[in-house]
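S.K.: below are the sequence and a predicted model for it; my questions follow.
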Protein chains: 2
Amino acid sequence: METAARPLTRIQQEKREVILEAALDVFSASGFRGSTIDQVADAAGMSKPNLLYYFRSKEEIHATLMERLLHTWLAPLHEFDDGDDPITEIRGYIRRKLEMARDFPRESRLFANEILQGAPRIMSLLEGELKQLVDKKARIIRKWMRAGKIARTDPYHLIFAIWATTQHYADFDVQVRAVLGPDRDGEGRFEDAARFLEQLFIGCLKA
Amino acid sequence: METAARPLTRIQQEKREVILEAALDVFSASGFRGSTIDQVADAAGMSKPNLLYYFRSKEEIHATLMERLLHTWLAPLHEFDDGDDPITEIRGYIRRKLEMARDFPRESRLFANEILQGAPRIMSLLEGELKQLVDKKARIIRKWMRAGKIARTDPYHLIFAIWATTQHYADFDVQVRAVLGPDRDGEGRFEDAARFLEQLFIGCLKA
DNA sequence: GTCTATATAAAGATAGAC
DNA sequence: GTCTATCTTTATATAGAC
């Protein structure tokens, strides 16, 4: 007979946090299949069997991680709303997405890894929650266009372009660094990117 | 004593092609670590030991694949040149890159996988050949800007944005499909994307 | 060149002592 | 809760017959 699920103690919660933090490091760098429980255990400062005392399997760690990730990841799009000034709203969304790429590059890469492999674990979420959210925001953008507040264009591809350009700085970080060279490292790169993306998107949207 | 490397017969070349084609399928879908020689052998229609008769190791298959990939991948940027009309030149580059995403999505994903994992195998190429190529093209773009032919902006981030937006349609294909739904499948999506990207980039670059 | 059989190593997961 | 030892599965690669 199975024992009923017990609420976790505070200490158990904290240990799980340590493991998830370590797993984010490892999984985002090597992908799910490319990572080993040993690596995660090492990064978390504990033995493999000890780690498996807190999570039943590698799969369960990954699932827990993805669940949280998606919440964080969709937050900026949720914030995007029908404000007074469309340009301010879109500019803010771009800035928040770029800040996410800067502050949460591991999350960005973990997400990219999952999508790249065909999104086996989150397909239903993409077709459900994500699609509905994007549909809603696309309707807002279209309303702005009909009202003549911004130039007419395809709202879906506009959103894709914002995702692509901002996440690029996290997902393709090593390439960006290699091309820009050591001169333009750190914070400066993000300021340059922010300026450029504002010019690109806002320039083309002004009616 | 080692036997000297012999030139490959035509049949050997053909078998290697079959293997590389299968490997591209498998590696681009699951990443290098996520793929097994068994899968590649199955896809190539031969047994594992037979496959390993043509390639010494999984690593060697991957290396051969990456080498070719990079040649193909940089071709559009090589073509980008100092023509009469900057707008035509940039528009052509965007179109070629988007066509690559449409016609060679596996290559795009294989490349994305490699970069995402920190580009361990091609770092020196990124810092060498790629950087020099981009530097050269950035100088051309800057010349156009100084001549007042296009609006002033950061040429490096412009190139990154073109890479990001076009490759997005290959790398994040499942997400794009999920969000757009089944209505907008196949060729139509790429036409929409082409129209949008032209408006985005050309609109912002017109002086 | 291709096969069956197998050596070898890595990785996920568990048993059971403490 | 944490450890050492170990089981099991999977995967890379090789040996050797044909």
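M.R.: Everything's here; your move.
S.K.: got the domain ranges for chain A?
M.R.: A:8-56, A:66-205 (the TED database).
S.K.: which parts of chain A sit against DNA strand C?
M.R.: A:35-38, A:48-49, A:52, A:56-59 (Cβ under 7 Å from any atom of the strand). Placement of C-beta: from N, CA and C, glycine included.
S.K.: so for residue B:206, which of the domains of chain A sits nearest?
M.R.: domain A:66-205 (9.3 Å; Cβ to Cβ).
S.K.: show me how far that closest one is from its chain's centre.
M.R.: 9 Å (Cα atoms, centre = their mean, to the nearest Å).
S.K.: dump the residues of chain A next to DNA strand C to CSV, plus neighbour count, secondary structure and pLDDT.
M.R.: Formatted as CSV, the residues of chain A next to DNA strand C follow (neighbours: other Cβ atoms under 10 Å in any protein chain shown; DSSP: H, G, I helix; E, B strand; the rest coil; pLDDT from 0 to 100):
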residue, neighbour count, secondary structure, pLDDT
A:35, 21, coil, 98
A:36, 14, coil, 98
A:37, 17, helix, 98
A:38, 12, helix, 98
A:48, 14, helix, 98
A:49, 9, helix, 98
A:52, 17, helix, 98
A:56, 9, coil, 98
A:57, 10, coil, 98
A:58, 18, helix, 98
A:59, 11, helix, 98
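S.K.: relative to residue A:192, which of these is nearest.
M.R.: residue A:35 (32.6 Å).
S.K.: so what's that closest one up against?
M.R.: A:23, A:26-27, A:29 (Cβ atoms under 8 Å, 6 or more residues apart in numbering or on different chains).
S.K.: nearest to chain B among those residues?
M.R.: Comparing the contacts of residue A:35 against chain B with Cβ to the nearest Cβ places residue A:29 closest, at 6.6 Å.
S.K.: so the closest one sits right up against residue B:118, yeah?
M.R.: Yes: here residue A:29 reaches residue B:118: they are 6.6 Å apart, a contact under Cβ atoms under 8 Å.
S.K.: more neighbours, the two?
M.R.: Remark: of residue A:29 and residue B:118, residue A:29 carries more neighbours, 18 against 13, as counted by other Cβ atoms under 10 Å in any protein chain shown.
S.K.: before we move on, the earlier item: now the residues of chain A next to DNA strand C as TSV including distance to residue B:101?
M.R.: Output for these, formatted as TSV (distance: Cβ to Cβ, whole Å):
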residue	distance to residue B:101
A:35	28
A:36	33
A:37	36
A:38	37
A:48	41
A:49	45
A:52	41
A:56	39
A:57	36
A:58	32
A:59	31
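S.K.: name the spans of chain A whose pLDDT lies under the cut-off.
M.R.: Along chain A, segments meeting pLDDT under 70 span A:1-5.
S.K.: now with 90?
M.R.: A:1-7, A:71, A:83-84, A:182-187, A:206-207 (pLDDT under 90).
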